[in-house]
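Engineer: need coordinates for the below:
(one chain, ligands or ions: 1)
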Amino acid sequence: MDLTKIHEDPIGLLLAMIAGALVAFFLLARKEKRPLGPMFTLPILGDTVALALSEQSRFMFSRYKKYGSVFRLNLLGKHMYILSDLEALRGPYRDEGAIPEVPFPTFKLLMGDFNVAGGGKHIHGPWRKASLAALGPAGLQSMFPPVLRVMQSHLSEWEAAGRVEVFQSARRMGLELAVDVVADVELSPAVDRAWFKQQAETWLYGMWGLPVPLPGSALAKALAARKVLLRVLGQELAADHEDYKSRWTELGSSGAAMADDLVAKASAAPGAEGAKGLGAPRLSHVIRLGLFGLGATEVEHSALAVLHAVMASADTTRFALFNTWALVAQSARVQEKLYEEQQKVIEEFGPELSYKAASSMPYMDATIKECMRLLPASAGGPRKLTQDLKVGEVVLPAGSFVWMYSYLLHCLDPVLWDGDTSVDVPAHMDWRNNFEGAFRPERWLSEETKPKYYFTFGYGNHLCAGINLAYLEIRTMLALVIRKYRLRLQTPDMLSRARYFPFVEPSPGTDTVLLEAR
Ligand code: HEM
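Structural biologist: Next up, the predicted model:
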């Protein structure tokens, strides 16, 4: 076997890992006492393979049944404690005795070693305040026209083909929304925008490869793309960076003062459709604030802030778009109800889809939440304990990682789950065997039936700042399509054949959605 080419040979790599694992097993097996999970898992792969092959809800629920409300997994080479005891989780997710940290080395290699979310109140506080301003109603209103443009251009392509390869389309849409709307990247004519997006896509894709930058691997390509992107952005942003930095210095290098300044200046400027006093700060300026707060004030850091904005929004949005399509395309019933609602919206607001119209669709909102409950676009973010955490009889030591895993919590929803542990997965999460019963947007429309656990966008102090933008994007896409078409999966069991970790990925050739004109 040629070891220099092992990254091109997944079977060889797997065999090498198994060999390594067996050696490790004999060395470690006798030392290990009974942990809160299987005694032994393969290095790097750990429980990752099992999780990828099973649905995440099913897998997590089976471990919950076996080990209870705290159990350990080895994900991508890291030990993680999956916790479902909400009382115990409350502290860590409010930054008490824990900080947000992504433990996967790939993430740090691609994003840089800057933990703004875990930087403490004085850094995270102003950054979050300004982020919420950028992504609040004024920001959303000004982002709506470019969101609509992106969606309409995709719809035109789909209409011409009469079908959508929805997994690939969602990937392109997520990237375009991230670059053109969220990070709002301005490039001079000397830089080819399509080339820039291609580089950004290569960089993003590295996140999902093996965490070893072997030559030719996804990670090695991503690191090369990162270098190029930072160089180009550094040149493009040079003047803007100098202005920002001198204002930062004038304000005494204070994150709080800079956040107030960004918000005040933006709210005095004209906002969407020229409305005075409705402006919102630019998200890339806001994200930059976090890095400046950590002392990263060079032009390359301003460039990196743009990449951070892309990372926060591209793949998350992509998975949300795909998962929503996948579920809605399976339900003629939900599509009819969405269509009826669109007829009412057109009656009230006219045929053009406006921001106001897009904000007046309760059944659509319920549908999106239901999709994100049943098939979350994110499992949530882990926390690193800075002090011991007691969970029932178990004490998790400082330094451990704990994770409030959305899929599992959604299984255990006190409104929807009757406590039955004899099943493989609770009925309200079982889209495979109980689609009609599990996928019910209506449950969000009444206080009695409304789910209590909904953690796709996180929880506590770091709840997703972009949640309303994500909803707006999905709403816009669905409204445009549902008004004109019925959707049908060409491969009805696309989801059953998919891979599930780290995200839902259909088998090649199964992701076609057919558009049938109304
Ligand atoms: C459907 C799409 C999205 C999903 C599922 C999602 C999910 C999440 C989750 C789970 C967190 C919490 C992470 C943690 O607790 O460690 C988070 C945080 C965050 N998200 Fe999103 N996100 C989405 C879209 C977006 C978009 C479009 C933006 C726009 C920039 C965004 C910006 C952020 C920011 C800034 C934070 C950090 C908040 C903080 O630490 O205070 N997200 N997101």
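Engineer: going forward, measure contacts between C-alpha atoms and count neighbours the same way
Structural biologist: OK.
Engineer: for the stretch 101-250 of the chain, which residues are neighbours of the ligand?
Structural biologist: For the stretch 101-250 of the chain, the residues in contact with the ligand (CA under 6 Å from any ligand atom) are Ala117, Arg128, Val182.
Engineer: ranking the residues you listed by neighbours, who comes first?
Structural biologist: The most crowded member of these, judged by other CA atoms under 10 Å, is Val182 (26 neighbours).
Engineer: returning to what we had before: want to try CSV for the residues of the stretch 101-250 of the chain next to the ligand, with pLDDT, distance to Ala161 and secondary structure as columns?
Structural biologist: CSV is the format used below for these (pLDDT from 0 to 100; distance: CA to CA, whole Å; DSSP: H, G, I helix; E, B strand; the rest coil):
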residue, pLDDT, distance to Ala161, secondary structure
Ala117, 95, 43, coil
Arg128, 96, 42, helix
Val182, 93, 28, helix
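Engineer: show residues contacting stretch 194-202.
Structural biologist: With contact meaning CA atoms under 8 Å, 6 or more residues apart in numbering, stretch 194-202 is reached by Leu175, Glu176, Val179, Ala218, Lys221, Ala222, Ala225, Arg226, Val228, Leu229.
Engineer: from those residues, which one has the minimum pLDDT?
Structural biologist: Note: of the contacts of stretch 194-202, the lowest pLDDT belongs to Ala218, at 92.
Engineer: was I right to think that one contacts Gly209?
Structural biologist: Yes. Using CA atoms under 8 Å, Ala218 is in contact with Gly209, at 5.5 Å.
Engineer: listing request: residues of the stretch 201-350 of the chain with sub-threshold pLDDT.
Structural biologist: For the stretch 201-350 of the chain, the stretches flagged by pLDDT under 70 are 270-278.
Engineer: what sits closest to Met111 if chain neighbours are left out?
Structural biologist: Spatial nearest neighbour of Met111, excluding adjacent residues (CA to CA, 6 or more residues apart in numbering): His308 at 6.8 Å.
Engineer: and for the one you found, the neighbour number?
Structural biologist: By other CA under 10 Å, the residues close to His308 number 18.
Engineer: and if you look at Gly136?
Structural biologist: By other CA under 10 Å, 18 other residues sit near Gly136.
Engineer: repeat for Leu187
Structural biologist: Considering only other CA under 10 Å, Leu187 is surrounded by 15 other residues.
Engineer: surely it and Arg193 touch.
Structural biologist: Yes. Counting by CA under 8 Å, Leu187 does reach Arg193; the two are 7.3 Å apart.
Engineer: what bridges to the closest residue to Gly162 other than its chain neighbours?
Structural biologist: Distances taken as CA to CA, 6+ apart place Leu515 nearest to Gly162, at 5.4 Å, with adjacent residues excluded. Judged by DSSP bridges, the bridge partners of Leu515 are Leu487.
Engineer: from the ligand, how far off is Leu515?
Structural biologist: Distance, Leu515 to the ligand, using CA to the nearest ligand atom, to the nearest Å: 24 Å.
Engineer: so that residue touches Ile482, yeah?
Structural biologist: No. With contacts counted by CA under 8 Å, Leu515 stays clear of Ile482, the gap being 9.5 Å.
Engineer: which secondary structure element contains the residue nearest to Met111?
Structural biologist: In this structure, His308 sits in helix 299-328 according to DSSP states H and E.
Engineer: list the buried residues of stretch 348-364.
Structural biologist: Using 16 or more other CA atoms under 10 Å as the test for burial, stretch 348-364 gives Leu353, Tyr355, Ala357, Ala358, Ser360, Met361, Tyr363, Met364.
Engineer: and stretch 382-391, by the same measure?
Structural biologist: Pro382, Arg383, Lys384, Leu385, Thr386, Leu389, Val391.
Engineer: that stretch - what's its average pLDDT?
Structural biologist: Taken as a whole, stretch 382-391 carries a mean pLDDT of 96.
Engineer: ok, now how distant is the residue nearest to Gly162 from Thr297?
Structural biologist: Leu515 is 49 Å from Thr297, where distance means CA to CA, to the nearest Å.
Engineer: same check, this time on Gln387
Structural biologist: Between Gln387 and Thr297 the distance is 31 Å, computed by CA to CA.
Engineer: thinking again about what came up before, anything in contact with each of Ala218 and Gly209?
Structural biologist: When contacts are counted by CA under 8 Å, 6+ apart, Ala218 and Gly209 have no shared neighbour.
Engineer: please identify which of the two sits among more neighbours.
Structural biologist: Shown here are Ala218 and Gly209; by other CA under 10 Å, Ala218 has more neighbours (23 against 15).
Engineer: name the nearest residue to the more buried one, ignoring sequence neighbours.
Structural biologist: Take Ala218 and drop its neighbours on the chain: the residue closest to it by CA to CA, 6+ apart is Gly206, 4.9 Å away.
Engineer: element containing Val164, please.
Structural biologist: Take DSSP H and E as the rule and Val164 turns out to sit in strand 163-165.
Engineer: got the contact list for that strand?
Structural biologist: If you take CA under 8 Å, 6+ apart as the criterion, strand 163-165 is touched by Trp158, Asp511, Thr512, Val513, Leu514, Leu515.
Engineer: want to throw the residues you listed into CSV with neighbour count and pLDDT?
Structural biologist: Supplementary listing: the contacts of strand 163-165 in CSV, determined by neighbours: other CA atoms under 10 Å; pLDDT from 0 to 100:
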residue, neighbour count, pLDDT
Trp158, 19, 94
Asp511, 25, 96
Thr512, 20, 96
Val513, 24, 96
Leu514, 22, 95
Leu515, 21, 96
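Engineer: contacting residues around the residue in the stretch 101-250 of the chain that the ligand sits nearest to?
Structural biologist: Closest residue of the stretch 101-250 of the chain to the ligand, CA to the nearest ligand atom: Ala117 (4.6 Å). Applying CA under 8 Å, 6+ apart, we find Ala117 in contact with Ile99, Pro100, Glu101, Ile123, His124, His462.
Engineer: need the max-distance pair from those residues.
Structural biologist: Glu101 and Ile123 (14.8 Å; CA to CA).
Engineer: for those two, indicate the residue with more neighbours.
Structural biologist: Between Glu101 and Ile123, Ile123 has the larger neighbour count (other CA under 10 Å), namely 22 against 19.
Engineer: which neighbouring elements make contact with the strand or helix carrying Ser142?
Structural biologist: Using DSSP H and E, Ser142 sits in helix 137-161. Packed against helix 137-161 by the contact rule (3 or more CA pairs under 8 Å, 6 or more residues apart in numbering; DSSP states H and E) you find helix 166-176, helix 467-482.
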